[in-house]
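J.: Okay, structure incoming, though there's no sequence with it:
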């Protein structure tokens, strides 16, 4: 099959975007892997599918596939690219849209400066919903939150804050994010036995109460240049641990995001860039 696509990125987190609003697109896992392959395909961290919604009051359905071919729950940087895509291609003239994912409902807003704000909904702290198996572990409390000890092999132990932004995250604080062993420890945390569906591993350096530097080893994708849900998870964890204020600039390797969490009952808002790189066609 011949498939039209658009290559986009949000702060360096890159995507292949497919328009399935006019006709359904069904791809097998091996075709999704081909699309995501940087040597034999287009190359991307994830593949995004734009579909019509069947739910009243919802504008589109938003599906996300890792470059392994697996469908996942959420991607904040992808959501920003999603709203730029549907707006730039004339699929909607609204600057504020509602989209449904496999497990969530998101509100997205295109700002006048071209950046996009995503209502990421409220964070989830229930371990069963991540899921995270804390049996036999004793956390260390700091501020109003817990840091959980994880054995990562070779006698090493790290402390992580665990929460979900629609997908699971384990966030640890590091002194210098540039020197953090993200590839080594990220892979171990991602596949840790206490996370039944794996986890995104975040490495956060607190620069000030209004700024952090962040690297994320994403579930099934490895380290990416930016992770929207990871940025939100890190800021929420930092706020609850007493390290951060309610509005924080997040410096990722691919660019800057701004995350706001007004209070513990509010949704998390993330604002950042979304850019089209090129359009093309591939035979699968």
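T.: Structure's in. What do you need? Just so we're clear, the structure is a prediction, and the values are computed from it rather than from any experiment.
J.: from here on, contacts and neighbour counts on C-alpha atoms
T.: Will do.
J.: where along the stretch 51-200 of the chain do the strands fall?
T.: Residue ranges of the strands in the stretch 51-200 of the chain, as given by DSSP state E, counting those that start in this stretch, are 60-66, 71-72, 96-100, 105-110, 116-119, 140-142, 145-153, 156-164, 168-173, 200-208.
J.: Turn the ones you listed into a markdown table, including mean neighbour count, distance to residue 258 and mean pLDDT.
T.: Shown next, in a markdown table, are those (neighbours: other Cα atoms under 10 Å; distance: least, Cα to Cα, whole Å; pLDDT from 0 to 100):
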| stretch | mean neighbour count | distance to residue 258 | mean pLDDT |
| --- | --- | --- | --- |
| strand 60-66 | 23 | 22 | 95 |
| strand 71-72 | 18 | 23 | 90 |
| strand 96-100 | 20 | 18 | 96 |
| strand 105-110 | 19 | 14 | 93 |
| strand 116-119 | 24 | 9 | 94 |
| strand 140-142 | 12 | 24 | 97 |
| strand 145-153 | 16 | 22 | 97 |
| strand 156-164 | 19 | 18 | 97 |
| strand 168-173 | 26 | 18 | 98 |
| strand 200-208 | 23 | 14 | 98 |
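J.: Nearest approach to residue 82 belongs to which of the ones you listed?
T.: Proximity to residue 82, assessed across the strands of the stretch 51-200 of the chain by Cα to Cα, is greatest for strand 60-66 (7.9 Å).
J.: What angle do strand 96-100 and the closest one make with each other?
T.: For strand 60-66 and strand 96-100, the angle between their directions (axes from the mean of the first three to the mean of the last three Cα atoms, to 10 degrees) works out to 60 degrees.
J.: what's strand 60-66 packed up against?
T.: Counting contacts by 3 or more Cα pairs under 8 Å, 6 or more residues apart in numbering; DSSP states H and E, the secondary-structure elements packed against strand 60-66 are strand 46-52, strand 71-72, strand 96-100.
J.: strand partners of the second one, parallel vs antiparallel please.
T.: Put plainly, it is strand 71-72. Paired with strand 71-72 in the same sheet, following DSSP bridges, are strand 60-66 (antiparallel).
J.: Please state the offset of the partner strand from the chain centre?
T.: The chain centroid and the centroid of strand 60-66 are separated by 12 Å, computed with Cα atoms, centre = their mean, to the nearest Å.
J.: got it, and stretch 142-160?
T.: 22 Å.
J.: Give me the distance between the two termini of it.
T.: 12 Å (Cα to Cα, to the nearest Å).
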